[in-house]
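# Starting from these lines, generate the structure:
(4 chains)
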2 protein chains.
Amino acid sequence: MTAKMGIGELARRTACTVETVRYYEHTGLMPNPQRTAGGHRVYGLDHLKRLGFIRRARELGFGMDQIQSLLSMMDSGGLSCGEVARKTEQHLKDVRHRIAVLKKMEWTLSATLSQCHQGETADCPIIDALFTPDGGDD
Amino acid sequence: MTAKMGIGELARRTACTVETVRYYEHTGLMPNPQRTAGGHRVYGLDHLKRLGFIRRARELGFGMDQIQSLLSMMDSGGLSCGEVARKTEQHLKDVRHRIAVLKKMEWTLSATLSQCHQGETADCPIIDALFTPDGGDD
DNA sequence: CCTTGAACCTATAGTTACTTCAGGTCTTAG
DNA sequence: CTAAGACCTGAAGTAACTATAGGTTCAAGG
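Predicted structure coming up:
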């Protein structure tokens, strides 16, 4: 059966570590599970789904606070699609901003690299670039 | 004159906070500066240049350990341009990888959003997507 | 029943690159 | 001389985990 499982199996089936599962419990993202007489955690399919949700949201770059608020909405039953969409839109904006910053980095790094003869001299255009304030007219 | 300054001016001229300057000193990126009789830090132009280097490298996404190794090379005088170029290339690869991951996020987020009618129903395609394992044929 | 080894437990510290805080000291202009 | 503002130290907090130490439980085999 796939109904009841320990933390190890849960972790394997969601591709995360047992430490991460315990961490999510600690932070409140995951509920306190049942325990065996000896204190081992016991999980069911609902936990599997919830953890799957968390992992996929994390992969999409949602922060734990954002995930927490999505989960709270779902837990309270008062789930409005519009609200979820607004959070997603905001997150998409963040992601796009991060892409823009990284692209600027990429451009600068590759432009600098292309100027480099990679010799053994001390005259390095990369170092020069890092030592030179941009613009110069501030 | 611009020759001697306190930590506040140094921070202002490198667009970072005084706390960050002290932090860099703590971690060894910045050297221990001279002090006034009362214990206040005193900086010169060399510090200004070094901190400028650090900040620009950070803006390009270099980690503090990478910056540390660039600075050590420079400090020891044995600066080989080829080595700097290799570090930069490696870093550029990291940056490109991060861009690729974020672009995939962006694509998924915007595709999901476009399916959303943003109504007040409980039937939300975003939530559905997050609850559904990808592929399905794992 | 007993042993053994894997899986599990808790609690704490470490990671990155800082920021924030508490509670005091120094400097300088008036 | 005083008061504001810049500065000082050391410790704790942030995000999202990871790692470590040292002990307990579980399940299978003998």
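# For the residue in chain A that DNA strand C sits nearest to, give its distance to A:Arg58.
At 2.3 Å from DNA strand C, A:Gly8 is the closest residue in chain A, using CB to the nearest atom of the strand. Every residue, glycine included, has its C-beta placed from N, CA and C. Look at A:Gly8 and A:Arg58: by CB to CB, to the nearest Å, they are 20 Å apart.
# A:Arg41 too?
20 Å.
# With neighbour numbers in mind, choose between those two.
Neighbour count, other CB atoms under 10 Å in any protein chain shown: between A:Arg41 and A:Arg58, A:Arg41 has more, with 20 against 17.
# Please verify my assumption that the more buried one contacts A:Arg35.
Yes. Contact criterion CB atoms under 8 Å: A:Arg41 and A:Arg35 qualify, at 6.2 Å.
# now A:Thr27: how far from A:Ala11?
16 Å.
# Of these two, which one has the most company?
A:Ala11 (19 against 11).
# Tell me who's in contact with that one.
A:Thr17, A:Val18, A:Thr20, A:Val21 (CB atoms under 8 Å, 6 or more residues apart in numbering or on different chains).
# Run a quick neighbour tally on the last one.
In other words, A:Val21. Other residues lying near A:Val21 total 23 when counted by other CB under 10 Å.
# List the contacts of it.
A:Ile7, A:Leu10, A:Ala11, A:Thr14, A:Met30, A:Leu51.
# buried subset of these?
With burial judged by 16 or more other CB atoms under 10 Å in any protein chain shown, the buried subset of those is A:Ile7, A:Leu10, A:Ala11, A:Thr14, A:Met30, A:Leu51.
# Which helix or strand contains the third one?
If you go by DSSP states H and E, A:Ala11 is part of helix A:7-13.
# got it, and the last one?
Under the criterion of DSSP H and E, A:Leu51 resides in helix A:45-59.
# Three-state assignment for the nearest residue to A:Thr36 once chain neighbours are set aside, please.
Closest residue to A:Thr36 apart from its sequence neighbours, by CB to CB, 6 or more residues apart in numbering or on different chains: A:Val42 at 6.0 Å. Using DSSP: H, G, I helix; E, B strand; the rest coil, the three-state assignment for A:Val42 comes out as strand.
# how much space is there between A:Val42 and A:Tyr24?
Distance from A:Val42 to A:Tyr24, by CB to CB: 16 Å.
# Comparing the two, which residue is more hemmed in?
Ranked by neighbour count (other CB under 10 Å), A:Val42 and A:Tyr24 place A:Tyr24 first, with 20 against 14.
# What distance do you get for the more buried one to A:Ile67?
Distance from A:Tyr24 to A:Ile67, by CB to CB: 9 Å.
# Just give me the residues shared between the contact sets of these two.
Taking CB under 8 Å, 6+ apart as the contact rule, A:Tyr24 and A:Ile67 both touch A:Ile54.
# what's the neighbour count on A:Leu48?
Neighbourhood size, A:Leu48 [other CB under 10 Å]: 17.
# In chain A, where is pLDDT below threshold?
Applying pLDDT under 70 to chain A flags residues A:1-2, A:77-79, A:117-122, A:134-138.
# Mind jotting down where the helices sit in it?
Secondary structure of chain A (DSSP state H): helices at A:7-13, A:18-27, A:45-59, A:64-75, A:81-114, A:125-131.
# The residue of chain A closest to DNA strand C: what's it in contact with?
A:Val18.
# cool, and A:Asn32?
A:Asn32 makes contact with A:Glu25 under the criterion CB under 8 Å, 6+ apart.
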